[in-house]
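Q: Sequence below, structure please.
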Amino acid sequence: MEKHHITELEPRHFSGRTVLLASIAGVIIGGPLLALMGISFLATVTLLLVASPLLLIFSPVLFGAACVLALAVIGFAAAGAMAVAGVSAVAWVVRSFTSRRAVQFRSGLGVSDKLIEGGDEEEQGKDWAGYIQQKPYLPHENVLINRG
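A: Numbers count the residues shown, from 1 in each chain. Predicted coordinates for the structure are as follows:
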């Protein structure tokens, strides 16, 4: 049994009846679609011609309304950002307070005890003051001059 493959080079032959039926089906399906497209295009052009002068007349009002709407949206966005910042700040303070209280309970020291005990900062400040007084001031140190 021999298989016959249709290649691209061989032309297809259709009967006249098949071409006639395909054309009739195309007209039956495509005709109403073409008519609806024409009606839609005509309605669009008509509405554009009617709306263009109205858009031109009311454009200052529409522009003002668009600006007010944009400012309202920006205001709501800023309010939301401030709300998030406020909630995160309160959460940070609460977290800081609870962690200090836990450290306070673990160390057994109160706030007054910590203030009395905090003499290290004063000594460290004196050390820095002595360092600054001993170091000579050289105003032109590490300065590159462009002489070109």
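
Q: from here on, contacts and neighbour counts on C-alpha atoms
A: Will do.

Q: pLDDT on the longest helix along the chain, on average?
A: Ranked by number of residues, the top helix in the chain under DSSP state H is helix 59-107. Confidence for helix 59-107, expressed as mean pLDDT, is 87.

Q: what residues go with each domain of the chain?
A: 14-57, 60-117 (automatic domain parsing).

Q: Just put the ones you listed in CSV and tack on mean neighbour count.
A: Output for the domains of the chain, formatted as CSV (neighbours: other CA atoms under 10 Å):
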stretch, mean neighbour count
domain 14-57, 11
domain 60-117, 12
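
Q: other SSEs contacting the longest helix of the chain?
A: Applying 3 or more CA pairs under 8 Å, 6 or more residues apart in numbering; DSSP states H and E, we find helix 59-107 packed against no helix or strand.

Q: Now do I39 against S23, distance only.
A: 23 Å (CA to CA, to the nearest Å).

Q: Give me the three-state assignment for P11.
A: P11 falls in the coil class when you classify it by DSSP: H, G, I helix; E, B strand; the rest coil.

Q: for R17, that is, sorry about that
A: Assignment for R17 (three-state DSSP): helix.

Q: pLDDT wise, what is it at?
A: R17 carries a pLDDT score of 88 in this model.

Q: for it, what are its contacts?
A: Contacts for R17 were tallied using CA atoms under 8 Å, 6 or more residues apart in numbering; there are none.

Q: repeat that with 10 Å
A: S23 (CA atoms under 10 Å, 6 or more residues apart in numbering).

Q: For L48, grab phi and psi.
A: Torsion angles at L48 (phi, psi; degrees, to the nearest 10) stand at phi -70, psi -40.

Q: With the one 10 residues further on instead?
A: Backbone torsions for F58, taken as degrees, to the nearest 10, come to phi -100, psi 10.

Q: Kindly report the same for R12.
A: Per-residue torsions, R12: phi -90, psi 140 (degrees, to the nearest 10).

Q: Numbering from 31 from now on, please.
A: That works, and once the first residue is 31, the last one we named lands at R42.

Q: tally of neighbours for it?
A: Applying other CA atoms under 10 Å, we find 8 other residues in the vicinity of R42.

Q: With A121 as the reference, measure out to it.
A: Taking CA to CA, one finds R42 at 79 Å from A121.
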